[in-house]
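Colleague: Got a predicted structure plus its sequence, pasted below:
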Amino acid sequence: MKRFLLLICFNFISLVLYANGITLPEHSKIKELSSFRIMGAIDLRTEKDYSSEVKYRTLNHEGGMKVTVLEILKSAVQDNESGKWFYVLLTSPIWVDSGEWIEKYQKFLIFLPDDMPVFDFEE
């Protein structure tokens, strides 16, 4: 019975997290100053240079990474995935895979694969 209740609670929490806002399965509506949440592991570069070293990698957890787009840079293929480069402002603090806590209001260069949906989208 406890497992059943835990399963119901987990499903309800997941539903609430994903039902809060608009989910974009593709990125054509993303513009400068768009805000959204990214779920999944994303490489974060502190320099606005495509070949710069990856400084951090996000964790794939339920909170995701909340960002505001500062610039849309270019479409590209990275690690055999099509996507776009964005220069973003982190709008909520996050944990990264090194165990570090990254405070909000830092700027990062990210590559967002075309097949990675974004959540809680706001234009």
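Modeller: Done, it's in. Numbers count the residues shown, from 1 in each chain.

Colleague: switch to C-alpha atoms for all contacts and neighbour counts from now on
Modeller: Fine.

Colleague: Just give the nearest non-adjacent residue to Glu103, would you?
Modeller: Spatial nearest neighbour of Glu103, chain neighbours left out: Pro93 (4.5 Å); criterion: CA to CA, 6 or more residues apart in numbering.

Colleague: Would you agree that neighbour is in contact with Glu100?
Modeller: No: Pro93 lies out of contact with Glu100 (CA atoms under 8 Å); the separation is 10.5 Å.

Colleague: More neighbours: which of those two?
Modeller: The neighbour count for Pro93 versus Glu100, taken as other CA atoms under 10 Å, is higher for Pro93 (15 against 10).

Colleague: So that one versus Ala76, what's the distance?
Modeller: Note on Pro93: its distance to Ala76, by CA to CA, to the nearest Å, is 28 Å.

Colleague: Could you list every helix and strand that the helix or strand that contains Leu70 packs against?
Modeller: Using DSSP states H and E, the element containing Leu70 is strand 65-78. On a contact count with 3 or more CA pairs under 8 Å, 6 or more residues apart in numbering; DSSP states H and E, strand 65-78 meets strand 35-38, strand 81-90.

Colleague: Any chance of TSV for those strands, columns mean neighbour count?
Modeller: Listed next are the helices and strands packed on strand 65-78 as TSV, based on neighbours: other CA atoms under 10 Å:
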stretch	mean neighbour count
strand 35-38	23
strand 81-90	19
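
Colleague: Between those, which one is closest to His61.
Modeller: His61 lies closest to strand 35-38 among the helices and strands packed on strand 65-78, at 9.9 Å (CA to CA).

Colleague: any idea of the pLDDT on the most centrally placed residue in the chain?
Modeller: Nearest residue to the geometric centre of the chain (CA atoms, centre = their mean): Ile38, 2.3 Å. Reported pLDDT at Ile38 in the predicted model: 96.
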